[in-house]
Structure formats: structure tokens, C-alpha cells
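*Asks:* return a 3D structure for these sequence lines:
(3 chains)
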Amino acid sequence: MAYLRNTWYVAAWSHEIGEGLFSRTILGESVVFFRNTEGKVIAARNLCPHRFAPLDRGRLIEGTLECAYHGLRYNAQGKCVFNPDGDGRVPAGTRLTIFPVVERWKAAWIWMGDPSKADAALIPDYPFLDTPEWHPVRGLLKVRANYRYVIDNLLDIAHVRMVHPTSIYCEMLSKGKTEITREPNGAIWATRLGVNGAPPPLFAVMWRAAGLGELSEHMDHWADARWDAPSLILNHVGITMHGQPREAGLEAKNTHFITPETGTTTHYFWTNCRAFARDDVNLDAAILSGTEQLFVHEDEVMLNAVQEAMGDREFWSMKPALLQADVGPVAARRALDKLIADEQREASAATKASITEVVSP
Amino acid sequence: MAYLRNTWYVAAWSHEIGEGLFSRTILGESVVFFRNTEGKVIAARNLCPHRFAPLDRGRLIEGTLECAYHGLRYNAQGKCVFNPDGDGRVPAGTRLTIFPVVERWKAAWIWMGDPSKADAALIPDYPFLDTPEWHPVRGLLKVRANYRYVIDNLLDIAHVRMVHPTSIYCEMLSKGKTEITREPNGAIWATRLGVNGAPPPLFAVMWRAAGLGELSEHMDHWADARWDAPSLILNHVGITMHGQPREAGLEAKNTHFITPETGTTTHYFWTNCRAFARDDVNLDAAILSGTEQLFVHEDEVMLNAVQEAMGDREFWSMKPALLQADVGPVAARRALDKLIADEQREASAATKASITEVVSP
Amino acid sequence: MAYLRNTWYVAAWSHEIGEGLFSRTILGESVVFFRNTEGKVIAARNLCPHRFAPLDRGRLIEGTLECAYHGLRYNAQGKCVFNPDGDGRVPAGTRLTIFPVVERWKAAWIWMGDPSKADAALIPDYPFLDTPEWHPVRGLLKVRANYRYVIDNLLDIAHVRMVHPTSIYCEMLSKGKTEITREPNGAIWATRLGVNGAPPPLFAVMWRAAGLGELSEHMDHWADARWDAPSLILNHVGITMHGQPREAGLEAKNTHFITPETGTTTHYFWTNCRAFARDDVNLDAAILSGTEQLFVHEDEVMLNAVQEAMGDREFWSMKPALLQADVGPVAARRALDKLIADEQREASAATKASITEVVSP
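*Replies:* Sure, this is the predicted structure:
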């Protein structure tokens, strides 16, 4: 399972990393998280470089991470700063692997590739996740499927009819055509517009909560998804009266941050953000339970069924029959395939170059 | 795990495939079964060719199979005939893999190899399974062992002494010698005759149910097994008064249709057929519970123990010490080994020929 | 997983092998044990050479081992001496694999390599395990970790501070330096001495049981470990008044016989032996429960955590950062690595030689 490594993945919501140690498997590797004395999030390989005990069994002592097996302590740079045994010496090169972490948009983002390339500016902008003008409802779910099936599903509007018939399915949208546009930075938009129809049930709830008055059977509905590499999806989903500008209606901004746990399991960090009815705790509860219901009992069950049916078989090797609605998922799959292939080619070239350097006189 | 593919396996008893969808793993592949509007059994790969959802999560609509993920519908030939999304178009080549199925002898037989070679005439004759003159009791059991251990066990008379001492073991039969004969079509008979002794307990029950009068300590007992490739076994087992013709006694015709589920699990379709006491429901119940008791608590436990002990090790690589009674299982093993090797050689030759064709000017 | 094969492993405590059959997996292979009519322990591959049923499902009949599948019987030399079926003949070469076993020090030692090299004199001396002058408490525990992590842990004094802080940790010992000495036969001693401090809690209990009077805060404490290939550890652990000879104090001799079950699980045969208070059953109970508590809830949990964290990764490939206290485990690891490499080189050379012999004119 090749992952894109020189990129940012969401490792945790900020509120998950508190006073103690916290561990999570990301790209198949166990990572331990803690906050140093300044409150900065530190991410380390969850494996003591001495004799390979998992460090999440240890504890924090004055901002250092103490291993439960032999009591070695590591600082936030991964340096071993204390050995309680014998004369207390530690070999000079003893290093705990530290992964770059940036806290942004109320999440901790981790870089599992070459640390020298970790540039916080590469994290896309989601300003509505960290501003008083917007109110997000957040969650984290586990998916028993490879992360790429999860991305596919989120960029795929056509599954809504069958999988979510009573919650977010909208007849007018299903008649639309998915359009693809690309941004200079590689982001891909898959957009679809439904015109002059009844809005889906979940939007009826939001429309009333926003105090926008009576609904109509003559509205327009859009569902736009932006994919940023490797697995970040932003949705703009909204309704307005038929023929009116989007600004006159109501729009939710939803994010889906997808982080591979292993080859067959995925962390799914989701938000549903609104600029209306921000203090409506009943609406919060309805969105939280509605989203979890929808995802756990509808999407996740299907994604897991696909994973079980596919097993280890590679997606393209199975020659999928692709429909018009697959233009979004396919564009993102191909873009990510290329990024991974490029990264592996570079890594392989770098290895060869370093061998040549060693061999040359 | 190489299986013989250009051959018929029993996929299900006919009564198992009713109005809905039904799925079963055969040769390691999940297959979905349904009846079309004419009642004909259709078998399809349980994997939508669009985005690989298992089709048994879907439903039947007017004789077509609807996928639960995106609502595509497939007809009995595997053609995608409906896409509910957008403009409804489907790529011309979209095909669901359909496996040839023939319903015969009250069972659905599946062909998992080259469909052009699927000839219903290759299914052996078991007329007593579908005639009013004979009454079969049927069952289906799961075995936690490779199918070849199950075939071995059924052709192996010597295990009866130890594994079934109180039900079907018969002292006179254990003194016999297993004889092998071969039919022109490749079928192999392993036969054994016991003379002038007491019959086994299960036959005593049948003898009385058949109203044949008093039993004797001076009877003859035969147990003949025919193996047809790849894994079909027919037993003729009976008793008669010592020195009398078989027709003067009582014979059961039993079939054992063995279908690999995976490399370590097997579907075992069994029947016990009689031409006497056909309406005796108590005898039916005795045969059903007796057979399941015998197989589940005696054979299956042993077969699973052998499977666990052997793991992935190949039978011949372990250099088995073979006895006279193994002549039947060994003849069938070698015949099946040869059929599989021939089929793989042909497949490999066909691949080379098609490459040459492409490369040649 | 390469194991040293031409060597002795403890297979069982003598008392475990009674009148019936007994099986245990050793070096990944299931072995069945029984006593012949003279009471000698016999160890055989737990797999009938006929059709591969596990023999521990069978029974002993007049000192022979009867297979439960077809009733073949094997004597203590592995010869098949009885076939109940047909004319009773058995192919001349039918052999059950028998492993050399020696019963010594109240344990059954097994040799899983070339039987011609099995020399009982290679078993190290542990006379205190079989003499009235010493009283051993014995146990057997299962460890969910590769056996080499178990050896490491036993030779590693530094982990005691963190893993056993309330039972056997001793401040003065943690200040000591681990010294390595080697015996001509390859055995390695890792020794450490703590001087002029308070003894650890477990020794305080023993000191009182031995009737040695008041303890002092000014004592010396030694913990010496001898490793014999491949996985046998002997501890001499004791206390004496500061500056006094060891003989004036109290010493326990503890053995740790480590036998690989599979690549990730280990049999741990332990003893704690004393020459004082030999009849003190309360002390026995305290040692038994104390050792099991210590090992199961402290060491085993940590060893399993290391195993889970390491998975299949090879120890040296992970470039461990080694401390002064690792000098013992590392010396034993390197010595065992070399023995395994030498054995594999020899086996490979022997294979080549036999090929040459066959090919040469």
C-alpha cells in the first residue's frame, strides 16, 4: 500500500490532544501525540528507539516523554535527555522519530514524509472552521474500508439516490450532470446543479432553522465538492429559490478530512459548518445525529461491503465501468495516482543518486 | 489453490434459490443467484462491474438485478439495462459476469470456467434424485477442510472402523479388499465386499423399515463408491442374505457433491436415497439426524483436525504412507491432479498463442 | 523464523507427562508426548504419516500410539506395528518422526534437529533442581512475544526499576554496572552488584523466612545471570550484609527455560530454588503467586506490547540504541545469531555436498 507521504493529513481534532498521551495509527504506523510545556502538539513514532516499547504506555514528565520499559525520557525534538540506569549515559545518536505537526483549523495536521519539505502553507484554507462567523459541528468516524473508497464516495453524487433515499437524496440533483473544473494548484471541483425542484429533507430542516420562511417546490440545489490532495474534501451544498442567486439562499460548508489508518481502515474527520442559527443547539444535535446515522448506517456499511468484496484487488486492475457521475472520483483518483507515482520515482532517484555519490571517487 | 474450472460443481439445492437473492462463495469467489421471470436460475459474480459493490445487497426488479450502491440494473445476460442517474447512459461494454448454470437432479450446477465449453451433458446421471420411484433425503453441511480431504474421506472405507464405530462400522467389510475399476469416461469405482457377517446398525434400521423380515448374522454387505471428476461421489451400499443376489436385499444410493468454498472450507451436498419405505417420515428423520450426527461429530471433526495439522502443506509433498484401502482416494487424487494440470497447460498455451497472434505481422 | 535446531529445548516439566497423550507446539511444530511401558518419555511429530491426522486425538495401547483416524499403531521407535484394516499390511517405510528426548532436572528436553547429534551431555547442569538439599518452586507461563524478547528481558537488569518498582526493584543495584564474562563453552554471564543499600522487598521476605534475623539498610545485593544457548538462563540472586561474603548471606538460584512455541509466542518454564526454609509451604505460595503476578502483569504485558509494536520487523534492522545495561542481552543475541547462522551454513553445505555426490560420476 503506497501512500503519498510528503503531504499533510489530519491526525486529530485539536480537542482530542489534552494533558496526557494519545496514540493513533496513521498510514499504518502508530504515532503518539502530546503537548509540550508551551502547549504545542508533538507527534512521535510510538516506538522507543532503545528496545521498541510503545511509548503510549509511558507518561509525560516535565514536557518529556518517559518510556515505561526502561525510563528513558525524550524531549520534543526526540532527543533522549535522561536514562535512570547506571551512570545515566545515553549513546549520542539516540533519537526518537518526531513528525512535523501543525495545528490549524482546530485540527492537528501531520507530515509523515521528508520533514525538510513540511511547509504549513500547503495546508488548504478552511477559514470557516476557525472564525466566529461560522459555526461548525464536528465528528470523527472510523471506516472499515480503504481511504480511496471513502474519497470516491464523497465525490460521487450518484450514490445518494440509493444509499440515502430519505435524508439527502434530491430528485432534481439526480437529473444534473457532474462538471469538473481544475484549479492551478491541482485542486479538482466536481459540481452539480439541480434546478426547479423540491429541496432534500435535511435542507428543509436547515431552511426553517435559518428563519428563511416557507419552502417551495420550485428551488435550485447545488452540491459542489472540491478535492485537495491527497484526501481533503470541501463541500458547498445549498438551496435557493429557483432562479435566485445562491447568496439569497442558504449554504452549508462541509469538510471531510480522510486519513488512512491502515490499508483497509480509515479515519474520517467531518464537519458541517453554517453561518446561520449558530447558537441553535437543537440544530447542532440534529446535524450530529443525522450525519452519524447517515454515514454509519448507510455509507459505512456500503464502503465496508465494497472493501470486503474487493479484498486486495487493485481498483484499476478490475476495469471499472465508469459512468458520467464518476468523472469527479476518477479525476481525483488519477491525480492522486500521479502524485504517488511521482513521489516514488523521486525517492527512487534520490536513492540512486546517493549510491552514486558513495561509489564515485 | 488451483481448481478444475471447466467442470460442473453443485452450487445449491434447487429449493435454496427462491424468490430473492442468494449468495454463496464457490472456488473462492462470491456468486449471487436468482431466478429470472421464467424461473431459470441465473448466477452472477457478486460484484457490480461499476464500483464493485456486492450485488447481494441489492434487489430484483422485474427480473433484473439492481445494485444497492448506484441503482444500475443487470439482466439475465449480464447486460446493464438501466442507470437511474443523470442522462441514464451506460458505457456499451458494461457487463456483469454471468456463470453458466444448469438445474438438474434438483440441484443448480455451476460452470466457473470457459462458458463456451459448458455442456450440460457432462453432468453425470443421478436419475434416482428426480423420479417418483426413489425417495431422497437431502442435506447441506459445511466442512472446515479442503475439499480434497473430503473426497479422500468418502472414498476411504478404512476410516469407518475408527471414526464411526457405533453407526456404520461393519466387521465383515473391514476384512475386505478395496478393488478399483475405471469407466471409459474417467469415472473410478472403489468397491469393497464383506461376506457372511452381521450388518451394520444403520442398515438394520433400514432393513426393518423396508419390511424385509428378520436380520441374520450371515449376510453380505457391499460399499461401492464411484468418483466422477472433479468431486462427485455416488455410493451404492447395501446388504443381502449371505450368498443371495444383491437384488434380493436392500440398497441405498447415496450421493456426495463436494464443492470447494475456499482453500480450507467446503460445501458438502449429500443425499441418501431409497426405493423402499418411501413415505416413512420417521425413517427420513432418522436418516437426516443420523447422517448429520455422523458427519458433523465424527467426520467433520477429524477432517478439520487434518486440515489444521496440515495447514498449507501440499499432500504429496508430505509423502503419505499409503495402505491398500487408499487405492480409491489415491486413484481419484491422481486423476484430478492430471485434469487440473492439463487444464492449466491448455490455459497457458492459449495465452502464449494469443500473444504470438498479437506480435506477428 | 530460523531457530537453532541442533540443541535442547525444555518441552515440558516431567510431571506434565503422565499416563495419557500430551501435545505442545515447539518451534512451530506440534509434538505429541507420551511415556512408553518403561516410563520413558517419547516425543513424536503430532501428525500420522499415513493421512496426517493429529495423533493426540488417538490413544495409547500397550505402549503404542494409536491414530484415531484409521487405527494405525506406532511404537516408541516410530515404526508402524499394526493396521486393523484388510490384510493388515503396512508399507515397509512407514515411519512416524520421533524426536530425541532426555528427562533431566525434572524436565523433558527435546532435540528438534539432526537426531545423530543429540548428546545429552550438552544439557547444562542445574543440580539444585534435582537434589534434596535444594527446594524449587516451578511454573510454566505463556508469553505472547517472540522468545528472543523474553531472553532479552531476563538478561536486562535495567527494566526492573520501571516494570517491577514495588517487588524486586533495588535502588543500589540500579546504580551498578553490568559486567560480562564468557565461559569456554560459550555461556555468557551478565553480572551486577549493588553495594551498601536496602534490599528489595522480595528478599526481605526470604531473609525473614530463612531466620537470618534483622535486615539492614546497609547490605550488598547481587544479580548474576548466565545464558546458555539457545535460551536457558540461570540467575544467582542474593543479599548479604554490606562487606560480608556472599556465603554469609542468602542466595536464590532461579532458572528460566525459554522455548519458542511459534514466532510470536513462547513457553516460559521457570523455577525459584532455595536451600533454606525448604519446607515452608507459605513461602512456596508467596514465591509462586509473587512470580506469576510479577511476570504476567508486569513483564508479559510489556513483552507483548513490544511484540505488537515490532510486528515482523527484525530487531537489528531497527537499529536499536543500546545502553550499558544492554551488554548482557546484546552479547547473548549476537552469540545466538552466530550459532543459527553457522547451523544454516552447515545445512546448506550439506545439501550442496549431497547434490554433488548424486551428480558426480
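
*Asks:* show me the contacts for the residue nearest the centre of chain A.
*Replies:* Centroid check for chain A by CA atoms, centre = their mean gives A:Phe257 as the closest residue, at 1.9 Å. Neighbouring residues of A:Phe257 by CB atoms under 8 Å, 6 or more residues apart in numbering or on different chains: A:Tyr9, A:Val10, A:Ala107, A:Ser231, A:Leu232, A:Ile233, A:Tyr268, A:Phe269, A:Trp270. Yep, even glycine has a C-beta here, placed from its N, CA and C like the rest.

*Asks:* in the stretch 251-361 of chain A, which residue sits nearest chain B?
*Replies:* Of all residues in the stretch 251-361 of chain A, A:Ala321 sits closest to chain B, at 3.9 Å by CB to the nearest CB.

*Asks:* same check, this time on the stretch 51-200 of chain A
*Replies:* Counting by CB to the nearest CB, the stretch 51-200 of chain A gets nearest chain B through A:Ala158, at 4.1 Å.

*Asks:* what's the burial count for that residue?
*Replies:* A:Ala158 has 27 neighbours, counted by other CB atoms under 10 Å in any protein chain shown.

*Asks:* A:Pro165: neighbouring residues, count only.
*Replies:* Counted with other CB under 10 Å, A:Pro165 comes out at 11.

*Asks:* quick one: the lengthiest strand in chain A to chain centroid distance?
*Replies:* For chain A, the strand with the greatest residue count under DSSP state E is strand A:250-262. Computed by CA atoms, centre = their mean, to the nearest Å, the separation of strand A:250-262 from the middle of its chain amounts to 6 Å.

*Asks:* neighbouring strands for that strand, and are they parallel or not?
*Replies:* strand A:232-241 (antiparallel), strand A:265-274 (antiparallel) (DSSP bridges).

*Asks:* how far away is A:Ala92 from chain C?
*Replies:* 10 Å (CB to the nearest CB, to the nearest Å).

*Asks:* can you check A:Ala107 too?
*Replies:* 26 Å.

*Asks:* A:Cys170 and A:Gly194 touch, don't they?
*Replies:* Yes - with contact defined as CB atoms under 8 Å, A:Cys170 reaches A:Gly194; the gap is 5.9 Å.

*Asks:* list residues touching both of the two?
*Replies:* With CB under 8 Å, 6+ apart as the test, A:Cys170 and A:Gly194 both reach A:His221.

*Asks:* one step back: got the strands paired with strand A:250-262 as TSV, with mean neighbour count and mean pLDDT columns?
*Replies:* Output for the strands paired with strand A:250-262, formatted as TSV (neighbours: other CB atoms under 10 Å in any protein chain shown; pLDDT from 0 to 100):
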stretch	mean neighbour count	mean pLDDT
strand A:232-241	21	96
strand A:265-274	22	97
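
*Asks:* the residue of the stretch 251-361 of chain A closest to chain B: how many residues sit nearby?
*Replies:* Around A:Ala321 there are 19 residues (other CB under 10 Å).

*Asks:* who's in contact with the closest residue to it other than its chain neighbours?
*Replies:* Nearest in space to A:Ala321, with sequence neighbours left out and distances taken as CB to CB, 6 or more residues apart in numbering or on different chains, is B:Thr94 at 3.9 Å. Residues near B:Thr94 by CB under 8 Å, 6+ apart: A:Ala321, B:Pro49, B:His50, B:Leu72, B:Lys79, B:Cys80.

*Asks:* for the residue nearest to the centre of chain A, give me the pLDDT.
*Replies:* At A:Phe257, the pLDDT value in this model is 98.

*Asks:* do the same with A:Ala353
*Replies:* pLDDT, read off for A:Ala353, is 77.

*Asks:* for the helix or strand harbouring it, packing partners?
*Replies:* Using DSSP states H and E, A:Ala353 maps to helix A:327-359. When contacts are defined as 3 or more CB pairs under 8 Å, 6 or more residues apart in numbering or on different chains; DSSP states H and E, helix A:327-359 sits against helix A:147-154, strand A:179-182, strand A:188-197, strand A:219-228.

*Asks:* is chain B within reach of the second one?
*Replies:* No - contact between strand A:179-182 and chain B, assessed by CB under 8 Å from any CB of the partner chain, is absent, since the two come no nearer than 11.4 Å.

*Asks:* what does chain A have sitting close to chain C?
*Replies:* So far as CB under 8 Å from any CB goes, chain A lies against chain C at A:30, A:46-47, A:49-54, A:57, A:67-71, A:80, A:83-87, A:89-91, A:93-95.

*Asks:* for PyMOL, write the select line for the buried members of those residues.
*Replies:* Restricted to buried positions by 16 or more other CB atoms under 10 Å in any protein chain shown, the PyMOL selection for these reads:
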select buried, chain A and resi 30+46+47+49+50+51+52+53+54+57+67+68+69+70+71+80+83+85+86+90+94+95
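
*Asks:* what about the spatially closest residue to A:Val163 that is not a sequence neighbour, neighbour count?
*Replies:* Spatially, and ignoring its direct neighbours in sequence, A:Val163 is nearest to A:Glu298 (4.9 Å; CB to CB, 6+ apart). Other residues near A:Glu298 come to 19 when the count uses other CB under 10 Å.

*Asks:* elements contacting the host helix or strand of A:Leu173?
*Replies:* If you go by DSSP H and E, A:Leu173 is part of helix A:171-174. Applying 3+ CB pairs under 8 Å, 6+ apart, one finds that helix A:171-174 makes contact with helix A:160-163, strand A:188-197, strand A:219-228.

*Asks:* same list (these) but as TSV, adding mean pLDDT and mean neighbour count.
*Replies:* TSV is the format used below for the helices and strands packed on helix A:171-174 (pLDDT from 0 to 100; neighbours: other CB atoms under 10 Å in any protein chain shown):
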stretch	mean pLDDT	mean neighbour count
helix A:160-163	93	21
strand A:188-197	94	19
strand A:219-228	96	22
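
*Asks:* adding distance to C:Gly176 as columns, could you present those in a markdown table?
*Replies:* Shown next, in a markdown table, are those (distance: least, CB to CB, whole Å):
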| stretch | distance to C:Gly176 |
| --- | --- |
| helix A:160-163 | 66 |
| strand A:188-197 | 64 |
| strand A:219-228 | 57 |
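
*Asks:* looking at the ones you listed, which is nearest to B:Arg226?
*Replies:* Smallest distance to B:Arg226 across these (CB to CB): 49.1 Å, for helix A:160-163.

*Asks:* name the residues that touch stretch A:312-325?
*Replies:* A:148, A:156-158, A:177-178, A:310, A:326, A:330, A:333, B:49-52, B:70, B:80, B:83, B:85-87, B:89-91, B:93-95.

*Asks:* find the nearest non-adjacent residue to whichever residue of the stretch 251-361 of chain A sits closest to chain C, please.
*Replies:* Nearest to chain C in the stretch 251-361 of chain A, going by CB to the nearest CB, is A:Thr262, at a distance of 11.9 Å. What sits nearest to A:Thr262 in space, not counting adjacent residues and going by CB to CB, 6+ apart, is A:Gly28, at 5.3 Å.
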